[in-house]
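A.B. asks: okay, sequence plus prediction incoming.
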Amino acid sequence: MLRTFKRRVYTVQHIMAVAAKGSREMRIMQLSPYTNWPQVWKKLHRAWMSVEIKSTWYSVVHDIVPTNERLHTIRLVESDRCRHCARRHTLIRHLTECNEGTDIWLWTRERMAQLIRSDLRRIPADWCLRPQFQLLPPQRHKAILWILTRLLLNRMQ
């Protein structure tokens, strides 16, 4: 009887502690609350790519790439500025704007615009961070994912 009572007390305390903390979201969900995360995960799981590319893309999606902005936040470098252009070294800038990234991103966007028969200005830069788009037919969708994985692999090496 005493054991049952202790178990109930422990259970009630545990429920109260969990309720006081509230639900905890992943860091990436807090940073990008408007992203359709189930769709992003589904795209990454279904896309055919090598393990190397998949792990690279997961590190990009989870925002664990060691950019100066991130390293400065955890106090491993003195500045959050890029050593090439002296602007903030964020992940999206690293992939699309910094150094030769501008030319590579322009080429990538042109190829994607040709595939989806659209203007390249309609292709957002965050497609390489969070692939939450849906394109038809499936072959076109897979081609766009493949192009984006090549961009990531090229820029993250």
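C.D. replies: Cool, got the structure.
A.B. asks: any idea how far the closest residue to residue 73 other than its chain neighbours is from residue 124?
C.D. replies: Using CB to CB, 6 or more residues apart in numbering and skipping the chain neighbours, the partner closest in space to residue 73 is residue 80 (7.6 Å). Heads up, the C-betas are built off the backbone N, CA and C, glycines and all. For residue 80, the distance to residue 124 equals 23 Å [CB to CB, to the nearest Å].
A.B. asks: those two - which one has more neighbours?
C.D. replies: Between residue 80 and residue 124, counted using other CB atoms under 10 Å, residue 80 has the larger neighbour count: 16 against 11.
A.B. asks: contacts only, for the more buried one.
C.D. replies: Contact analysis of residue 80 by CB atoms under 8 Å, 6 or more residues apart in numbering lists 68-69, 71-73, 88-89.
A.B. asks: mind checking how far the residue positioned nearest the centre of the chain is from residue 132?
C.D. replies: Centroid-nearest residue in the chain, with CA atoms, centre = their mean: residue 61, separated by 1.8 Å. Taking CB to CB as the measure, residue 61 falls 10 Å from residue 132.
A.B. asks: beyond the lowest-mean-pLDDT helix or strand in the chain, next helix or strand please.
C.D. replies: When the helices and strands of the chain are scored by mean pLDDT, DSSP states H and E, helix 27-31 comes last with a mean of 64. For helix 27-31, the following helix or strand on the C-terminal side (DSSP states H and E) is helix 37-46.
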